[in-house]
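1. sequence and predicted model, in that order:
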Amino acid sequence: MTSTHTIDRWIRDRARTTPERVAIDHVGRLVTYVELDEVSDAWAAAFLERGLRRGDRVATLTGSTPEHVEVFYACAKAGLILLPLSWRLSPAELRYQLEDADPAIFLVEDAYEEIAAATERRYERLAPPTGVRHSDLAPQDVSDEDGLLLIYTSGTTGKPKGALLTHANCFWTNLSFDLTTGVSQDDVVLQVLPQFHVGGWNVQALLGWWKGATVILEREFDAARALHLIQEKRVTTMMGVPATYLFMAQQPGFADADLSSLKRAVVGGAPMPEALLETYAARGAAIVQGYGLTEAAPNVLCLPPEDAVRKLGYAGKPYPFVDVRVSDEDELQVRGPNVFPGYWRNPEATADAFTPDGWLRTGDVAERDDEGFYRIKGRLKDMYISGGENVYPAEVEAVLHEHPRVADAAVLGVGDERWGEVGVAFVVADGVGEDELRDWCRARLARFKVPKSFRLVGEIPRNGMGKVQKQELRTTEVTS
């Protein structure tokens, strides 16, 4: 028997109700709901047969594929935790996450075998299980509070932390999303966000499968192909970061593309620029602005399309079942069943993430207007968002400090028309140039974390406590 709010129930019910509906369209390969249910059963049976037990982690390194979705639902059915690793990371970064999470099994798509081998961790090919059938899966005791997703997110200490999301977290965030800007069984969902992000699961994709929609599942985002798919497949809804919509709008065929089927386009990860909102409004595509964070699974605030122009620059109001408040320090704080229980095996970081009375600290500075709309003004911490990816300066600074000729370093995010924000590194170094510093970072960091530019300076401004005065650096950057 399963509990009320466990995600395994979604695919079982849907397979029973609409078995022959197409759940996934992946590069022309069609997977029905009954097929998705039965193959995920076989995966779950294979995991249990190998000795995996409730709470064990299943790590994956793969693009977005039907097999990855099957493994997700298998984990949901067997009480296991899916650890989807980012193929954008360096082997050293992957090695750290694998060591920290200690998965029972590491499944790798063929395209990423070279990276996986460089982690020096034993892995297996991500291939459908053989020798087991869906009928071999015995009922498992899965609880609402069991872990389902383990998503690593960088922190101000420079060490990534594993945010554990439960079945209940995923249930409630999808329900609240549905009540605000939902998905219906007749929708065609274009899914271009990578599945190593919480948004690749909990913003439209899982809801689409819960409701019986068809999800056009793309391995990774390609702007020209996305435009083509909207026309060819009659896509009705999609999710992206601002860069997603910017790159589509920059395509030569955008002005003549048939977007008439696209009822709504959800955007998150960063505020949508006014000019880009106007571009899509002119094409008749409603933009739904949102705000969230991994630790809230991720949905917190939503600005529906009818308010997008009137409340330009605002992140919106809280989703149903989500409560927010602004602290005396102007920090936005969150409470609700969507909020995660904590970081993986990191009680200190978990304690720091919550207030004494149990509210999640977002680290973002916010204000609320008289109508109840919230605007995100800035960050208490230094994290910036580049192309929808969170970048924490402390992590980049730590890599720069490892260079033998770097005496000091500080990194901050600055505005960029293409990526939203990019990194600028201020470096105190002897006998080293920008190209060498960039190569040093590229060898140790994901590409999106590598600063766009490097400024060689005589010293990093610090206060009496030794804290970097980044506002001084920002002023230097603006005036340089």
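-> Cool, the structure landed.
2. so which residues of the stretch 201-350 of the chain form strands?
-> 214-217, 237-240, 264-267, 286-292, 299-303, 317-318, 323-326, 331-335, 342-343 (DSSP state E, counting those that start in this stretch).
3. the second one pairs with which strands?
-> Each strand that pairs with strand 237-240, with its direction, by DSSP bridges: strand 188-191 (parallel), strand 264-267 (parallel).
4. got it, and the first one?
-> Using DSSP bridges, the strands paired with strand 214-217 are strand 22-26 (parallel), strand 188-191 (parallel).
5. also the fifth one?
-> Pairing partners of strand 299-303, with direction, according to DSSP bridges: strand 286-292 (antiparallel), strand 317-318 (antiparallel).
6. okay if I get those as TSV plus mean pLDDT?
-> Output for these, formatted as TSV (pLDDT from 0 to 100):
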stretch	mean pLDDT
strand 286-292	88
strand 317-318	98
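7. looking at the ones you listed, which one is packed in the most?
-> With neighbours defined as mean count of other CB atoms under 10 Å, those peak in mean count at strand 286-292, which reaches a mean of 24. Every residue, glycine included, has its C-beta placed from N, CA and C.
8. show me what it is in contact with.
-> 181, 203, 245, 263-268, 271-272, 277, 280-281, 298-305, 308, 314-316, 374, 376 (CB atoms under 8 Å, 6 or more residues apart in numbering).
9. shaky segments in the protein?
-> 1-3, 154-158, 378, 463-467, 478-480 (pLDDT under 70).
10. quickly list the domain ranges of it.
-> Using automatic domain parsing, the domains assigned to the chain come out as 8-374, 384-479.
11. check the ones you listed for me and report the most buried one.
-> domain 8-374 (a mean of 19).
12. now do that one: distance from first to last residue.
-> Distance across domain 8-374, first residue to last, is 35 Å (CA to CA, to the nearest Å).
13. what's next to stretch 354-370, contact-wise?
-> In contact with stretch 354-370 (CB under 8 Å, 6+ apart) are residues 293, 295-296, 300, 314-315, 325-327, 330-335, 339-340, 352-353, 374-381, 383.
14. can you check stretch 7-19 too?
-> Applying CB under 8 Å, 6+ apart, the set of residues contacting stretch 7-19 is 2, 21, 23, 32-34, 36-38, 40, 73, 76-77, 142, 148, 167, 170-171, 185, 206, 209-210, 212.
15. quick one: which of the residues you listed sit in helices?
-> Mapping the contacts of stretch 7-19 onto helices (DSSP state H) picks out 33-34, 36-38, 40, 73, 76-77, 167, 170-171, 206, 209-210.
16. does A429 really touch H403, like I thought?
-> Yes. Here A429 reaches H403: they are 7.2 Å apart, a contact under CB atoms under 8 Å.
17. any residues in contact with both of these two?
-> L437.
18. which SS state does the residue located most distally from the centre of the chain fall under?
-> Centroid-distance maximum for the chain: G431 at 38.7 Å, with CA atoms, centre = their mean. For G431, the secondary structure call by DSSP: H, G, I helix; E, B strand; the rest coil comes out as coil.
19. residues in contact with it?
-> R405.
20. which residue packs closest to the residue nearest in space to the middle of the chain, ignoring adjacent ones?
-> Residue closest to the average C-alpha location in the chain (CA atoms, centre = their mean): H197, at 2.5 Å. Counting by CB to CB, 6 or more residues apart in numbering, H197 lies nearest to I151, which is 7.3 Å off, once chain neighbours are set aside.
21. quick one: secondary structure of the one you found?
-> strand.
22. what's the answer for F454, then?
-> strand.
23. partner residues bridging it?
-> With DSSP bridges as the criterion, F454 is bridged to A425.
24. right, and it touches R438 too?
-> Yes. Applying CB under 8 Å, one finds F454 in contact with R438, separated by 6.7 Å.
25. report the beta-bridge partner residues of the residue nearest to H197.
-> Bridge pairing for I151 - DSSP bridges - gives A163.
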